[in-house]
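sequence and computational prediction follow.
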Amino acid sequence: MSRNIIWSLITLFRYIIAFLPHRFAVSTGAFLGRALWFFSRKKVDAAEKRAVKALGKGVTVARKTVRDSYANLGRSVAEIMRMSSGRLDLNRVTTFHGMDNLEKAFSQNRGVIFLTAHLGNWEILAAQVALKGYPMNAIGAEQRDERITDMIVNTREKYGVKTISKGFDLKSAIRCLKKQEILGILIDQDVRDKGIVAPFLGIPASTPYGPFKMASKLGCPVLPVFSIRKKDGINHDLYILPPLKEPSSESSENNMEESVVLANAMLSSWIEKYPEQWLWLYPRWASTTGDR
């Protein structure tokens with residue numbers, strides 16, 4: 001399917017979703033997510049194999065987990081579409097837990113790093129933090145079609161979230177932290193030979209260590225954060241956890257590896273709690289296990 005056809009379908013979907021009642025709009029997204037699961041057998045089979053290996057569960061459980069993951073992705077896309085049209089009141093569908101952790105970290109005036117994963121609807125948390133009046137930045141939004149990238153960036157801007165250029169722009173990231181702002185980073189991505197290999201859901205995975213290098217250099221706290229969809233499929237719990245171990249002032253290889261291991265363990269524990277909300281279709285272990 002060509003990019004122009006995909007973009008036309010997205011534009012149509014965005015228009016329809018904007019005018020549906022919110023609950024029905026999100027349910028429609030879940031239905032389309034399951035339809036994508038049904039028609040994407042090759043990718044689904046690969047995702048199921050990942051789930052079997054990472055969760056230590058049987059094929060039946062893995063299949064349901066991946067199917068529900070696609071449904072969650074569909075719900076999230078519908079929510080982002082409604083956000084882009086200004087049709088979603090985030091205050092009505094979100095509940096914060098641990099705002100005191102953010103307030104304490106932010107009051108140190110050294111900038112704050114948020115670490116999270118492709119779990120729940122990660123865009124909602126960034127938007128809500130920005131709406132609370134905090135200067136929020138997020139790394140990347142690159143899609144194959146620049147029009148989709150622009151839509152995501154523009155949607156973030158509507159809620160006060162700034163996007164830090166393509167990939168991991170270390171200089172721009174450091175700049176925003178020096179301005180005592182918040183930087184949100186998804187670290188459950190394979191960075192091939194540019195990362196540190198550490199267990200992720202028990203399997204060796206190349207993991208970005210840039211966040212920990214910046215924390216070591218600037219002394220800023222690193223807070224794990226998670227946006228978890230409630231069982232009703234509509235509302236969200238937003239968790240801001242206490243900071244990870246105080247970053248060392250020495251950015252040695254051992255210190256970086258220790259921080260990566262700790263962060264991966266934290267993210268893995270949350271994914272194990274809510275496996276149906278993680279993005280299993282992404283080949284997290286591609287460079288370490290050959291998983292595609």
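That came through fine. Predicted model, so just to flag it, every value in this text is computed and none were measured. Numbers count the residues shown, from 1 in each chain.

so what's the residue count around residue 7?
When neighbours are defined as other Cβ atoms under 10 Å, residue 7 has 14 of them. (Each C-beta comes from the backbone N, C-alpha and C, glycine too.)

can you pull the contacts of it?
145, 147, 148 (Cβ atoms under 8 Å, 6 or more residues apart in numbering).

what distance do you get for residue 238 to residue 103?
Counting by Cβ to Cβ, to the nearest Å, the separation of residue 238 from residue 103 is 14 Å.

please say which of those two ends up with more neighbours.
When neighbours are counted by other Cβ under 10 Å, residue 238 and residue 103 differ, and residue 238 comes out ahead with 22 against 12.

who are the neighbours in contact with that one?
94, 95, 96, 97, 124, 125, 128, 225, 226, 227, 228.

using the three-state scheme, assign residue 198.
Judged by DSSP: H, G, I helix; E, B strand; the rest coil, the three-state class of residue 198 is strand.

and it, what pLDDT?
The pLDDT attached to residue 198 in the predicted structure is 97.

please apply the same query to residue 158.
Per-residue confidence (pLDDT) for residue 158: 95.

just give the closest residue to it, not the sequence neighbours.
Leaving aside its chain neighbours, residue 158 sits nearest to residue 86 (6.7 Å; criterion: Cβ to Cβ, 6 or more residues apart in numbering).

any idea which helix or strand carries the one you found?
Under the criterion DSSP states H and E, no helix or strand holds residue 86.

so what's the residue count around it?
Residue 86, neighbours per other Cβ under 10 Å, totals 11.

with the one 5 residues further on instead?
Look at residue 91: counted by other Cβ under 10 Å, it has 10 neighbours.

who's in contact with it?
128, 131.

which parts of the host helix or strand of it are buried?
Using DSSP H and E, residue 91 maps to helix 90-93. Across helix 90-93, burial judged by 16 or more other Cβ atoms under 10 Å covers 90, 93.

ditto for stretch 43-62
By 16+ other Cβ under 10 Å, the buried positions in stretch 43-62 come out as 43, 44, 46, 47, 48, 50, 51, 52, 53, 54, 55, 62.
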